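Engineer: Starting from these lines, generate the structure:
(one chain, ligands or ions: 1)
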Amino acid sequence: MNIHAVREQFPILHQEVNGHSLVYLDSAASSQKPRSVIDAVKRYYELDNANVHRGVHTLGSRATDAYEGARAKVASFLNAETPEQIIFTRGTTTALNLVASSYARETCGEGDEIVITQMEHHSNLIPWQQVAKATGATLKYIPLQPDGTITLEDAEATITPKTKVVAMTYVSNVLGTVNPIKEVAAIAHRNGAVMVVDGAQSTPHKRVDVQELGADFYAFSGHKMCGPTGIGALYGKKELLNKMEPIEFGGEMIDFVELYESTWKEIPYRFEGGTPLIAGAVGLGAAIDFLESIGMDEIDRHERHLAAYAYDKLSAVEGIEIYGPKTGRVGLITFNLEDVHPHDVATVLDSKGIAIRAGHHCCQPLMRWLNVSATARASFYLYNTEEDVDALVNGLIQTKEFFGHAIG
Ligand code: 7TS
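Structural biologist: Residues are numbered from 1 along each chain as shown. Purely as a prediction, here's the structure:
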């Protein structure tokens, strides 16, 4: 991978912020977009724009082909069995809520169990709380080890024949750990439960094969993987999707509408009521082409190298605490500096053109488990370099000095 050629393709990276060259280390929140994605969206609006699945006119056919072409690209990217198992959504949050509201509310009842972990993003936690409240099912947590990982023994002990749903993130957006989804899915299936995978932080960074993982449902967001905001998808096993009722009703998702009854289209259309984000899907398709042109294994390798480099360099900063295990992590590092609030860390770094995230990262239960109210987080993507990490480390040393003097 030629990092300079990659960086050339991201126009936004070549600017100064607060008088310094931008160092963007917040891709876990949202990634930047390459020229090819920006151009695909622009080209769509300039040449092909029309509504989909409707008219017979040429632009309508082109827009439909572009939209359905993007669905086929997503299916192939995830190794889904067929494109109709890909439902376009606004992103991971909407996709997980669809599974919770449509599948889980119908499937769970009093005495049943839903199993998750304490490292889940709120998007893969609150929907299950709500299902548990509405159905009388019990929400159970696979405990975390001191380093934030889970063990298969604990998964075996928590998942029982009463479990109907196991929902877990593939990659933690705070700890950077990769969960053993394939093994947990096997335990879920042995107990008759479905496996729901939050792929928000895995899909951008590593090769994903939903069939090999044993995922019954898999959710992800386009904006974290070089695509536009407002588009993502839910993959589901065909027999499960076919049984599910839509949760949004209106145009485009129906077969026949009578005065008091209606029937639904087949999957995926019954879950895509209303005019979809066509340009977003086109942009997502272009993002997949872009990522595949570099290679997911190559991206994974680059980020692991950066994460290891950053872990070593950051560990040498006095007074830093890094959360999560040293090895087996993807390209993000969550930390705190002794005696400096993470928001102050992020503010000082921003004044030097370095963008990181500070806060609870939509993981309040995990923050509580870590015994902190907030942390700082630097996250890397294919366009980041060792120089970016060096800038971060220097920025942190200066932050410490600045606050050290302020306190002293
Ligand atoms: N699941 C995980 C693991 C995530 O990291 C995120 C977003 C979501 C779900 C929700 O994705 P959305 O696209 O529907 O919003 N995580 C982050 C983050 O870590 N910082 O900002 C957003």
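Engineer: how about the closest residue to residue 341 other than its chain neighbours, phi and psi?
Structural biologist: With sequence-adjacent residues excluded and distances taken as C-beta to C-beta, 6 or more residues apart in numbering, residue 341 is closest to residue 374, at 7.3 Å. Using the backbone N, CA and C atoms, a C-beta is placed for each residue, glycine as well. The phi/psi pair for residue 374 (degrees, to the nearest 10) reads phi -160, psi 160.
Engineer: Residue 374 touches residue 340, doesn't it?
Structural biologist: No. At 11.4 Å, residue 374 and residue 340 do not qualify as touching, with contact defined as C-beta atoms under 8 Å.
Engineer: residues contacting residue 1?
Structural biologist: If you count contacts by C-beta atoms under 8 Å, 6 or more residues apart in numbering, residue 1 has them with 294, 295, 298, 299, 301, 302, 382.
Engineer: interface residues of the stretch 301-408 of the chain facing the ligand?
Structural biologist: Residues of the stretch 301-408 of the chain lying near the ligand by C-beta under 6 Å from any ligand atom: 357, 361, 362.
Engineer: Does the second one touch residue 323 like I think?
Structural biologist: No. Counting by C-beta under 8 Å, no contact exists between residue 361 and residue 323, whose distance comes to 10.6 Å.
Engineer: where do the contact lists of these two overlap?
Structural biologist: When contacts are counted by C-beta under 8 Å, 6+ apart, residue 361 and residue 323 have 174, 334, 375 as shared neighbours.
Engineer: Does the residue nearest the centre of the chain belong to a helix, a strand or coil?
Structural biologist: For the chain, residue 200 is the residue whose C-alpha lies nearest the centre (C-alpha atoms, centre = their mean; 1.1 Å). Per DSSP: H, G, I helix; E, B strand; the rest coil, the local secondary structure of residue 200 is coil.
Engineer: Could you find the closest non-adjacent residue to it?
Structural biologist: When the adjacent residues along the chain are set aside, residue 200 lies closest to residue 92, with 4.2 Å between them (C-beta to C-beta, 6+ apart).
Engineer: same question, residue 47
Structural biologist: When the adjacent residues along the chain are set aside, residue 47 lies closest to residue 62, with 7.7 Å between them (C-beta to C-beta, 6+ apart).
Engineer: where do the strands sit along the stretch 151-300 of the chain?
Structural biologist: All strands of the stretch 151-300 of the chain, identified by DSSP state E, counting those that start in this stretch, fall at 163-169, 194-198, 217-221, 232-236, 254-257, 262-264.
Engineer: Can you lay out these as TSV showing distance to the ligand and mean pLDDT?
Structural biologist: Rendered in TSV, the data for the strands of the stretch 151-300 of the chain read as follows (distance: least, C-beta to the nearest ligand atom, whole Å; pLDDT from 0 to 100):
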stretch	distance to the ligand	mean pLDDT
strand 163-169	5	98
strand 194-198	5	99
strand 217-221	3	99
strand 232-236	6	98
strand 254-257	27	96
strand 262-264	25	97
